[in-house]
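Quick check, what structure comes out for this input:
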Amino acid sequence: MGGKTRIAYFYDEEVGNFHYGLGHPMKPHRVRMTHDLVTQYGLTEKLDVMIPTPGTRESLTRFHSNDYVDFLRTVNTDNMHDYSDHLARFNVGEDCPVFDGLWEFCQLSAGGSLGGAQSVNELGYDYAINWAGGLHHGKKHEASGFCYVNDCVLGALEFLKYQHRVCYIDIDIHHGDGVEEAFYTSPRCMCVSFHKYGDYFPGTGAINDVGVEEGLGYSVNVPLKDGVDDATFIDLFTKVMTLVMEKYRPGAIVLQCGADSLSGDRLGCFNLSLKGHGYAVSFLKKFKIPMLILGGGGYTLRNVPKCWAYETSLIVDTYIDEQLPNASNFYGYYGPDFSLAVRTSNMENLNSKKDCDNIIQQISENFREFVLPVGGHLSCYDIPDKLPLLYNSGIKDEYINDGGDPRNDMHTDLKDDMEDFHHVDYNDRNLG
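Take a look at the predicted model:
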C-alpha cells in the first residue's frame with residue numbers, strides 16, 4: 001500500500017427496516033445505528049460511501065446450492081406454509097425465521113461483501129467495510145445461527161480470483177463454522193477463529209479441527225472458556241496471528257468483527273472492552289494487506305454500534321471522542337452515561353495462562369506438521385483440483401464422502417477452469 005489509504009464503506013439505508021421478529025435477538029437495526037454514529041463522528045468524510053449492488057442468484061450460487069438460493073428467493077411470510085418440507089430441509093425456523101424481505105436482506109448483506117472484495121480487487125481500495133455482513137454460520141445448503149447467506153465465504157471467494165492465499169479471521173464469540181466448512185479441504189483460504197468452545201453454539205472449533213486433504217493444517221481454531229479479558233485476548237491474538245502471517249503470508253484478509261465477544265453481550269460470555277476487541281483491527285492493519293472488514297454477531301443493542309463505529313475510526317486512523325455525539329438520531333439508546341466505552345465486568349476469566357500457553361503450543365505444532373512454507377506447493381497452486389465453488393461454472397456439484405470427516409461432503413470436487421490468479425505481496429484510550 002502506498003500513498004493515501006483508500007477505504008470503501010458499504011451501506012444501504014434499507015438495512016434497518018428488516019426485522020427477524022418479535023423477541024429475536026438479531027436486530028439489523030444495529031447497522032443503521034452504527035452508520036448513524038459513523039456519520040455523526042464525521043468518519044464518512046474519510047470513507048468512500050457506496051450503496052451495495054444486491055447480490056444476484058448467480059453470485060450467491062458461487063457457494064450456496066441452487067435449490068437453497070431458489071428457496072430463499074421464493075419463500076415469504078404469505079406462502080411459507082406451502083414450504084413446510086423445505087423449511088425443515090433448509091433449517092429455516094425459529095433461529096432463522098422467514099420474515100418480510102428475507103431475500104432482499106440476503107442480497108444486501110451479500111452484495112456489500114461481494115462489492116467490498118471487488119472494490120479491493122478491481123478499484124484498488126486498501127480496505128472495504130460492510131457492517132451488514134459477517135454472517136458466518138450460513139452453510140452451502142442451509143441456514144444456521146441467524147445466518148442465511150454466508151457473505152464471508154462469498155467475499156473470500158471473490159478475493160481468490162486475484163490472490164493465491166486469503167486469510168479469514170473471526171473474533172465473534174461463536175465459532176466461524178460456516179466459513180471453516182466451506183474451505184475445509186482447501187489450502188487457499190486459511191480460517192482462523194477465536195471463540196468460546198464447549199457447551200455453546202455451534203459446538204465446533206476444537207483445536208484439533210485442522211482441515212482435511214489439501215486443507216490439512218489450514219483451519220486454525222483458538223477454543224476459549226468464559227471470561228476472556230483484554231490481556232488474554234491481545235496476547236493470544238498477537239501470538240497466533242504473528243505465526244499465521246509469517247507462515248502463510250496471505251494476499252488479502254477477511255476480518256469478521258462479531259461484537260458478541262464484548263463484555264455484557266446478551267448472548268455472550270466474554271469480557272472484552274472496545275480496546276481489546278478493536279486490537280484485532282489495529283494489529284492486522286500493521287501488515288498493510290488488503291482487508292475486507294465485516295460485522296457479525298452482537299446482541300446488546302447499545303454496544304454493537306459503539307464497537308463498529310470505534311473500529312471504523314481505527315481503520316481511518318481518526319480519534320473519536322469518548323462522549324457520544326448528542327446529535328445522534330439514537331442518542332437515547334446509549335444512556336445513562338452516553339459514553340463510547342463498553343465497561344468490563346468482574347466476571348472470572350476461566351482461561352489460565354497454562355491454557356493459553358497450551359493453545360499456542362498446539363497451534364505452533366500444527367503449523368510445523370501440516371503447513372508448508374510459502375514457496376512450496378502453494379506458490380504453484382494456481383488451478384487446484386479441489387476448491388470450493390468460485391463461480392457458477394455449469395459443472396454439476398459432486399460431493400466428496402470418503403467416510404472420513406463428515407464435513408467433507410460439504411465441499412465441491414470441481415475441475416476449475418480459472419485462467420489467472422495474480423498474487424500481490426503483500427490509541428491507547430480508556431475504552432474499557
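
now the helices for this protein?
Ranges of helices in the chain, per DSSP state H, are 29-40, 57-60, 66-74, 84-89, 102-123, 151-159, 177-182, 230-248, 274-285, 303-315, 353-370.

Would you check how far apart the closest residue to residue 265 other than its chain neighbours and residue 225 are?
In space, and not counting its chain neighbours, residue 265 is closest to residue 300: 5.1 Å by C-beta to C-beta, 6 or more residues apart in numbering. Where you see a C-beta, it was placed from the backbone N, CA and C, and this is true even at glycine. Using C-beta to C-beta, to the nearest Å, one gets 21 Å for the distance from residue 300 to residue 225.

all strands for the stretch 201-350 of the chain, in order.
219-224, 252-256, 291-294 (DSSP state E, counting those that start in this stretch).

Let me have the helices of the chain in a markdown table, extended by distance to residue 293, mean pLDDT and mean neighbour count.
As requested, the helices of the chain are exported to a markdown table (distance: least, C-beta to C-beta, whole Å; pLDDT from 0 to 100; neighbours: other C-beta atoms under 10 Å):
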| stretch | distance to residue 293 | mean pLDDT | mean neighbour count |
| --- | --- | --- | --- |
| helix 29-40 | 12 | 99 | 23 |
| helix 57-60 | 20 | 98 | 18 |
| helix 66-74 | 25 | 98 | 17 |
| helix 84-89 | 33 | 96 | 13 |
| helix 102-123 | 8 | 98 | 24 |
| helix 151-159 | 10 | 99 | 29 |
| helix 177-182 | 15 | 98 | 27 |
| helix 230-248 | 15 | 98 | 18 |
| helix 274-285 | 7 | 98 | 21 |
| helix 303-315 | 7 | 99 | 25 |
| helix 353-370 | 24 | 97 | 14 |
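
quick one, what contacts the closest residue in space to residue 46 that isn't next to it in sequence?
In space, and not counting its chain neighbours, residue 46 is closest to residue 316: 4.2 Å by C-beta to C-beta, 6+ apart. Neighbouring residues of residue 316 by C-beta atoms under 8 Å, 6 or more residues apart in numbering: 5, 7, 43, 46-47.

likewise residue 167?
Residues in contact with residue 167 (C-beta under 8 Å, 6+ apart) are 189-190, 192, 244-245, 248, 250, 252-254.

same thing with residue 51?
Neighbour list for residue 51: 10-12 [criterion: C-beta under 8 Å, 6+ apart].

buried subset of these?
For those, burial is judged from neighbour counts taken by 16 or more other C-beta atoms under 10 Å, and it is met by 10-12.

Can you list the low-confidence ranges for the stretch 301-432 of the chain?
Scanning the stretch 301-432 of the chain for pLDDT under 70 picks out the ranges 375-432.

can you rerun that using 80?
Counting by pLDDT under 80, the ranges of the stretch 301-432 of the chain that qualify are 373-432.

how close does residue 79 get to residue 87?
As defined by C-beta to C-beta, residue 79 lies at a distance of 11 Å from residue 87.
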